[in-house]
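Trainee: need a 3D model of the sequence below.
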Amino acid sequence: MQKKWGKSITLLLITALLLMLAAGCGAKKEETKTEPTTTTETKTETKTEPTTETKTEPTTEAAGPELEGDFELQYFVGGYGDAFWKEAIAEFAKKYPKLKIKESAGPKINDQMKPRWIQGSPPDFVYIDGAGSNATQMVKDDQLLDLTDWLETAKNEDGKLIKDLLIMQPVKYDGKVAPIPFVFGTWGIFYDKAEFKKNGWNEPKNWDEFLAVSKQIQESKKMYPFIHTGKYPYYINGGLVDTAILVNNNYDTSIFDKMQALEAGVFKSDAVKKALDQVKQLVDAKYIDPASAAINHTDSQSLFLQHKDAFIPNGLWVENEMKKDVPAGFEFGFIPSVTQPAGGKFVAIPYTSTIGVAKKAKNPEAAKAFMQFILTEKYAVRWAELTGALDNIKADLSQSKDVSSLSKQASSFYNSPDTIVAPYIELNADVDKVKQDSTQALANGKITPEEWMDRMEAAAEKSRGKK
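Mentor: The predicted structure is shown next:
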C-alpha cells in the first residue's frame with residue numbers, strides 16, 4: 001500500500017513539474033537595461049561612458065549560428081548621429097537573442113575608452129571615427145585583429161562576398177588588413193547654388209575659374225570668398241591641399257602611398273610645392289575669411305550658411321550635421337575639387353571611418369557577425385537615409401526618396417570618368433598632427449610653403465627613427 005501510494009505521489013510531482021516547464025517555455029521575456037552614466041561635464045567621476053545594455057532571452061525565432069555571451073560595441077556619435085547604430089544593433093539583437101549586448105557610445109567616447117584599450121580590456125567591435133581616434137595608430141599599437149584571411153571569404157547576410165561590394169578597399173598595413181572602411185565620402189568644396197544664381201556667380205570647374213569668381217565675390221563686398229575650420233585643418237587639407245597635390249603630380253596617385261610610407265623627400269617634392277603655392281595665392285589675395293583662424297567646424301559652417309562666406313571645404317556630413325540651421329531656400333552645391341587646370345579632371349579625396357575587431361576582444365565571433373550584418377546593400381541605403389552620407393558598400397540610392405540630393409549629387413561624380421578618386425591614406429598620429437598644424441599656419445599666413453615642407457620632412461624623419 002505504501003509503495004503504491006509512493007508511486008502515485010511521484011506521478012503527481014512529475015506531472016506538476018512538466019506543467020511548470022511547459023508554462024515557462026511558452027513565455028518570452030525581453031529586458032532592456034540602461035546603466036547609470038555621468039554626462040555633466042563639471043563632475044570628475046570616472047564612469048563617464050554612456051552605455052546601453054540589451055539582453056534578450058532565447059526565442060525559437062532566432063536565425064543564424066549560435067552566438068552568446070557578452071558583446072560590447074564602441075561607436076562615436078558626431079555629425080552622423082546615432083540613429084543608424086541604434087537601429088542596426090536592435091535588429092542584430094533580435095537575430096542573436098542569446099547575446100548580452102552593451103553599447104559604449106557618445107561624442108567623447110574615444111577619450112573615455114582610451115584607458116581600457118591601453119589596459120588591454122577593449123570592447124569587441126569598434127567604429128573608428130571622431131576626435132581622439134586614428135585607425136593607423138591603432139594598427140601601429142597592435143590593438144586591432146588581423147582580418148586579412150577573414151575578408152577573403154566573408155559573406156554578408158545576403159550571401160554576397162563582402163570584398164566584392166566594397167567601393168574602397170581596405171588600407172593594407174605590411175600587407176595585412178585590420179580596419180575595414182565603412183563610410184565612403186570625399187572632401188570637397190561646398191557653396192549655395194541658390195545664392196550663386198541670385199548673384200550671377202558661376203560654379204567654378206577649375207582653378208582659374210575659382211580665382212575669378214572669388215575675385216567677383218570679394219569685389220561685391222557681400223561676403224568673403226572662402227572660410228575653413230581653423231581648429232580642425234584636416235578639412236582644408238582634404239578639400240584643397242591634397243587635391244592640389246594630386247593635380248600637380250599629374251594625377252599619379254602613387255605620391256599618396258609614398259606619403260603614407262613616409263618616404264624621404266616626398267614632402268618636398270615639386271607637386272607638394274606647387275600645391276602649397278596655390279594655397280598661398282588665396283592667402284595673398286585675402287580671399288580667406290580671417291575668422292577661420294580661431295573657429296571650429298560648426299562655427300565656420302554657421303557663417304557659411306549665413307552667407308558670410310561663399311565657399312567652404314567640408315565633408316558630405318555637413319548637410320546632416322547642420323540640418324537644424326540650414327536657412328530656407330539654401331541649396332547645397334558640391335565640387336570635389338577646384339585646384340585642377342582648365343580641361344583637367346576633378347579629384348576626389350576620400351575619407352572614411354572604419355570598423356574593426358579588437359585584437360583582445362572577448363567575443364570576436366560576435367564582432368565579425370555584426371560586421372557581416374551591416375555590410376549589406378540594405379544597410380548601405382539606410383546609412384545614406386539616416387546620415388546624409390555614403391556607405392562603403394555599392395548600392396543603388398536612386399530609388400530612395402529619403403537619400404538627400406547632396407548625396408546623389410556627390411555620388412554622380414564618383415561614377416564619372418572625369419573624376420579621379422585618390423586612394424585613402426592615413427598618416428600616423430605624430431606626423432598627421434604636424435601636417436594639420438602646418439596647414440593651419442600656412443592658411444593663416446604665419447608660415448611659407450617652404451617652412452611647411454621643412455616641418456613635414458622633419459616629422460617624417462623623426463617617425464622613421466622610431467621604427
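Trainee: other SSEs contacting the helix or strand containing residue 94?
Mentor: Assigned by DSSP states H and E, residue 94 falls within helix 83-95. Contact here means 3 or more Cβ pairs under 8 Å, 6 or more residues apart in numbering; DSSP states H and E; on that basis helix 83-95 packs against strand 51-56, strand 69-76, strand 99-106, helix 364-374, helix 377-387. C-beta coordinates here come from the backbone N, C-alpha and C atoms, glycine included.
Trainee: most tightly surrounded among those?
Mentor: strand 69-76 (a mean of 23; mean count of other Cβ atoms under 10 Å).
Trainee: one step back: mean pLDDT for the helices and strands packed on helix 83-95: which is lowest?
Mentor: Across the helices and strands packed on helix 83-95, strand 51-56 has the smallest mean pLDDT, namely a mean of 46.
Trainee: angle of the helix holding residue 94 against helix 364-374?
Mentor: 120 degrees (axes from the mean of the first three to the mean of the last three Cα atoms, to 10 degrees).
Trainee: turn the helices and strands packed on helix 83-95 into JSON lines, including distance to residue 163.
Mentor: Listed next are the helices and strands packed on helix 83-95 as JSON lines, based on distance: least, Cβ to Cβ, whole Å:
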{"stretch": "strand 51-56", "distance to residue 163": "30"}
{"stretch": "strand 69-76", "distance to residue 163": "23"}
{"stretch": "strand 99-106", "distance to residue 163": "26"}
{"stretch": "helix 364-374", "distance to residue 163": "12"}
{"stretch": "helix 377-387", "distance to residue 163": "15"}
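Trainee: among these, which is nearest residue 345?
Mentor: helix 377-387 (25.3 Å; Cβ to Cβ).
Trainee: any idea of the mean pLDDT in the helix holding residue 94?
Mentor: Helix 83-95 comes out at a mean pLDDT of 98.
Trainee: ok, stretch 260-272 next?
Mentor: 97.
Trainee: and residue 172, what pLDDT?
Mentor: 88.
Trainee: for it, give its distance to residue 254.
Mentor: 15 Å (Cβ to Cβ, to the nearest Å).
Trainee: picking up where we left off before, quick check: which of the helices and strands packed on helix 83-95 is nearest to residue 230?
Mentor: strand 69-76 (22.1 Å).
Trainee: can you list the strands that the closest one pairs with?
Mentor: strand 99-106 (parallel), strand 125-128 (parallel) (DSSP bridges).
Trainee: how does the chain divide into domains?
Mentor: Domains of the chain are assigned by automatic domain parsing as 44-185+352-420, 188-348+427-465.
Trainee: shaky segments in the chain?
Mentor: Filtered on pLDDT under 70, the chain yields the residue ranges 1-65, 415, 467.
Trainee: switch the cut-off to 50
Mentor: Within the chain, the segments meeting pLDDT under 50 span 1-64.
Trainee: so which residue is smack in the middle of it?
Mentor: residue 353 (2.8 Å; Cα atoms, centre = their mean).
Trainee: grab the nearest non-local neighbour of residue 236.
Mentor: Nearest residue to residue 236 in three dimensions, chain neighbours excluded: residue 228, at 4.2 Å (Cβ to Cβ, 6 or more residues apart in numbering).
Trainee: what about that neighbour, neighbour count?
Mentor: Counted with other Cβ atoms under 10 Å, the neighbours of residue 228 add up to 31.
Trainee: can you check which of the helices and strands packed on helix 83-95 gets nearest to residue 433?
Mentor: Of the helices and strands packed on helix 83-95, nearest to residue 433 by Cβ to Cβ is strand 69-76, at 19.0 Å.
Trainee: got the CA positions of that closest one in CSV?
Mentor: The C-alpha coordinates for strand 69-76 follow below in CSV (Å, rounded to 0.1, in the frame of the first residue of the first chain):
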residue,chain,number,x,y,z
GLY,A,69,27.8,35.8,-24.1
ASP,A,70,28.7,39.4,-23.6
PHE,A,71,29.2,41.6,-26.7
GLU,A,72,30.3,45.2,-26.5
LEU,A,73,30.3,47.8,-29.2
GLN,A,74,32.0,51.2,-29.2
TYR,A,75,30.9,53.9,-31.6
PHE,A,76,31.5,57.6,-31.8
